[in-house]
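> The following block contains a protein sequence and its predicted model.
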Amino acid sequence: MAGNIRENSQELDSLIRKIAEKAVGIMPRGWRLAAVGYFLVGEELLDHQQIAALCGADEEYRDLMEESWDDFDLQDAALEIKELFEQLHELCGRAGDNWMEATLVVKGNGSFKMDFVYEAIREYDNFFIDDWRSRYLV
């Protein structure tokens, strides 16, 4: 997983696995594909997070961040995932790997991959979120 990088690969793999395990633990019944994103926006690097899943054969996604507003267990899990992403960003930053977006994609069969984007995020709005979903929930 962590082939040609300068970060401590064991620590990097461990953090990514923890994010994946925590994400799988909050997925709704019938999910088949999930995306968990962490975004650093603007010059202030304000952090944002998205957790979404495709469920069933109808191709409808569920917005778990929205659902967390009414579910304290989901809120707690989302906060734990955010803290893991913060640790991941700090680990990568120590090696000069300053990404602005990290997205974990998890399939229902248990396989997962992490994707990093280095371009600055200027606007975090509905258009950005819709674009993110269309890139990762396919």
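Yep, it's here. Residues are numbered from 1 along each chain as shown.
> could you pull out the helices for this structure?
9-25, 64-67, 72-94, 126-136 (DSSP state H).
> What's the mean pLDDT across the shortest one?
Taken as a whole, helix 64-67 carries a mean pLDDT of 89.
> Buried residues, it. List them.
Under the neighbour-count criterion of 16 or more other CB atoms under 10 Å, helix 64-67 has 64-65 buried. No exception for glycine: its C-beta is placed from N, CA and C like everyone else's.
> which other residues reach it?
Here helix 64-67 makes contact (CB atoms under 8 Å, 6 or more residues apart in numbering) with 26-28, 49-53, 74, 78.
> Go through these and flag which are in strands.
Residues of the contacts of helix 64-67 located in strands (DSSP state E): 49-53.
> Save these as CSV, and put in pLDDT and neighbour count too.
Shown next, in CSV, are the ones in strands among the contacts of helix 64-67 (pLDDT from 0 to 100; neighbours: other CB atoms under 10 Å):
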residue, pLDDT, neighbour count
Gln49, 97, 16
Gln50, 96, 21
Ile51, 96, 26
Ala52, 95, 21
Ala53, 95, 23
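> low pLDDT regions in the chain?
Along the chain, the model assigns pLDDT under 70 to residues 1-5, 58.
> redo that, cut-off 80
Residue ranges of the chain with pLDDT under 80: 1-8, 56-60.
> For the closest residue to Ile16 other than its chain neighbours, list the residues it contacts.
Using CB to CB, 6 or more residues apart in numbering and skipping the chain neighbours, the partner closest in space to Ile16 is Met114 (5.2 Å). Counting by CB under 8 Å, 6+ apart, Met114 makes contact with 1, 16, 19, 102-105.
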